[in-house]
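In: Coordinates for the following, if possible.
(chains A, B, C and D)
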Protein chains: 2
Amino acid sequence: MKQTARAADDGLKLSAWLPYRLFLVAAQVARPLESFYGETFGLSQAGWRILAVIAERDAANASEIGRACALDPFATSRGIGQLTELGFAVRRASKSDRRFAAVSITRSGRTAFSRIAALGSAIETRLLARLSESERTTLDSALTRLEGESARIDTGGWRALLEDAGAP
Amino acid sequence: MKQTARAADDGLKLSAWLPYRLFLVAAQVARPLESFYGETFGLSQAGWRILAVIAERDAANASEIGRACALDPFATSRGIGQLTELGFAVRRASKSDRRFAAVSITRSGRTAFSRIAALGSAIETRLLARLSESERTTLDSALTRLEGESARIDTGGWRALLEDAGAP
DNA sequence: CACAGATAATTGCATAGTGCAAGTACTATG
DNA sequence: CATAGTACTTGCACTATGCAATTATCTGTG
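Out: This is a model prediction of the structure:
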């Protein structure tokens, strides 16, 4: 996690490498939640994410949903399909432009969401309990910038990364 | 990211939920790296993680490797198999206990690792450049505690989570 | 020493998830 | 009114994952 990285840095230590550390926390924390909504509702990860999005944002179309939870159009379509099969969501074609379908959460979808969200909040609470108030504030604002930078890294692709490392 | 979460919290907002935010940064940042080592070397995610582990820790056996990069024995075995096929690693049965196989990185494995690590370091550098020195320090120590807590959350499973949320 | 019971790692196979080409249904535009 | 473009959706091949069963090996006990 040192800042003075050379272009060819063999000293990368997985357990100290920031992206791996973030991944590890996210993966470990996602596992119990996933097995909960998987066993209880037969929901996939994409399904849960979409459910969370339509719970707070009614009548969104597929691409809005996809953008909000970082899913490609295929995964989004399948996730919505899963939710409608489970009775957790309904699709209604838009009146003005029938290519768009407004997706809404159903009552039973909201019930399922509440139960998963309770577990999700419990996880977050457990994590935040390990941090001081000022650490939470710092983490919040740091994460906002990391989200922005990681999005740029993603869209740039690996060639762009090597370019600015090679010619800084 | 509020601390006062009730047992049944409907107000979970995906984009503000700490585990999702960590996941998002990790996933966005992993994508260009993955396509690099995938296209260039035909390496899987597990393969890359194992390569990083054996680059810094010679002659480790499969379970040590698995522990070090959070892979189950199946994925570890398959990852090592991939690395040996690519000529990036060799297995040698241990002299003292032939159930164990010591896995070592080869010269070409180290070359591949160097090239991937360069990209990995470039990514980390880009991320850290967005943070101040004190933010880096805070993030480092906060992440250490989050890693510990997430490991406990993972091993406890979802039932344990609902119990201590229900009876705090 | 034999041999039941661990342990480390691997393999087979069924199932689940992903990526992409192609398709449908619709709208906008010259 | 053909053409192009948009918003999904589906089918299919391929990949990954989870888990039972297997192999090979070692250890403790009578």
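
In: Please, which helix or strand holds A:Arg126?
Out: Using DSSP states H and E, A:Arg126 maps to helix A:107-128.

In: what's near enough to touch A:Leu146?
Out: B:25, B:127, B:130-131 (C-beta atoms under 8 Å, 6 or more residues apart in numbering or on different chains). Bear in mind the C-beta positions are built from the backbone N, C-alpha and C, glycine included.

In: typo on my end, A:Leu162
Out: B:118-119, B:122.

In: before we move on, the earlier item: chain center to the helix or strand that the helix holding A:Arg126 is followed by: distance?
Out: With elements assigned by DSSP H and E, the helix or strand that comes after helix A:107-128 is helix A:133-166. The chain centroid and the centroid of helix A:133-166 are separated by 15 Å, computed with C-alpha atoms, centre = their mean, to the nearest Å.

In: Now the nearest residue to A:Asn61 once chain neighbours are set aside: phi and psi?
Out: Using C-beta to C-beta, 6 or more residues apart in numbering or on different chains and skipping residues adjacent in sequence, the residue nearest A:Asn61 is A:Phe100, 4.4 Å away. Here the main-chain torsion angles of A:Phe100 (degrees, to the nearest 10) amount to phi -90, psi 140.

In: Wait, A:Phe100 touches A:Ala59, no?
Out: No: using C-beta atoms under 8 Å, A:Phe100 is not in contact with A:Ala59, being 9.9 Å away.

In: Counting neighbours around each, name which of these two comes out higher.
Out: Using other C-beta atoms under 10 Å in any protein chain shown as the criterion, A:Phe100 and A:Ala59 rank with A:Phe100 on top: 17 against 14.

In: List the contacts of the more buried one.
Out: Shown in contact with A:Phe100 (C-beta under 8 Å, 6+ apart): A:61-62, A:93-94.

In: From these, pick the one nearest DNA strand D.
Out: A:Ala62 (2.9 Å; C-beta to the nearest atom of the strand).

In: where's that closest one relative to chain B, distance?
Out: Distance from A:Ala62 to chain B, counting by C-beta to the nearest C-beta, to the nearest Å: 16 Å.

In: one step back: of the contacts of A:Leu146, which are in range of chain A?
Out: Filtering those for proximity to chain A by C-beta under 8 Å from any C-beta of the partner chain leaves B:25, B:127, B:130-131.

In: Show me how chain A divides into domains.
Out: Domain assignment for chain A by automatic domain parsing gives A:21-129, A:131-168.

In: re earlier: which member of the contacts of A:Leu146 is positioned nearest DNA strand C?
Out: Nearest to DNA strand C among the contacts of A:Leu146: B:Val25, at 17.7 Å, using C-beta to the nearest atom of the strand.

In: what about that closest one, neighbour count?
Out: Counted with other C-beta under 10 Å, B:Val25 comes out at 26.

In: Next, it: phi, psi?
Out: With angles defined as degrees, to the nearest 10, B:Val25 sits at phi -60, psi -50.

In: Equivalent analysis for A:Leu12, please.
Out: Backbone torsions of A:Leu12, given as degrees, to the nearest 10, read phi -70, psi 120.

In: Now do the contacts for it.
Out: If you count contacts by C-beta under 8 Å, 6+ apart, then A:Leu12 has B:52, B:55, B:117, B:120-121 around it.

In: Quickly note the distance from the closest residue to it other than its chain neighbours to B:Trp48.
Out: Among residues not flanking A:Leu12 along the chain, B:Ala117 sits closest, at 3.9 Å (C-beta to C-beta, 6+ apart). Distance of B:Ala117 to B:Trp48, given as C-beta to C-beta, to the nearest Å: 10 Å.

In: same check, this time on A:Ala151
Out: From A:Ala151 over to B:Trp48 (counting by C-beta to C-beta), the distance is 22 Å.
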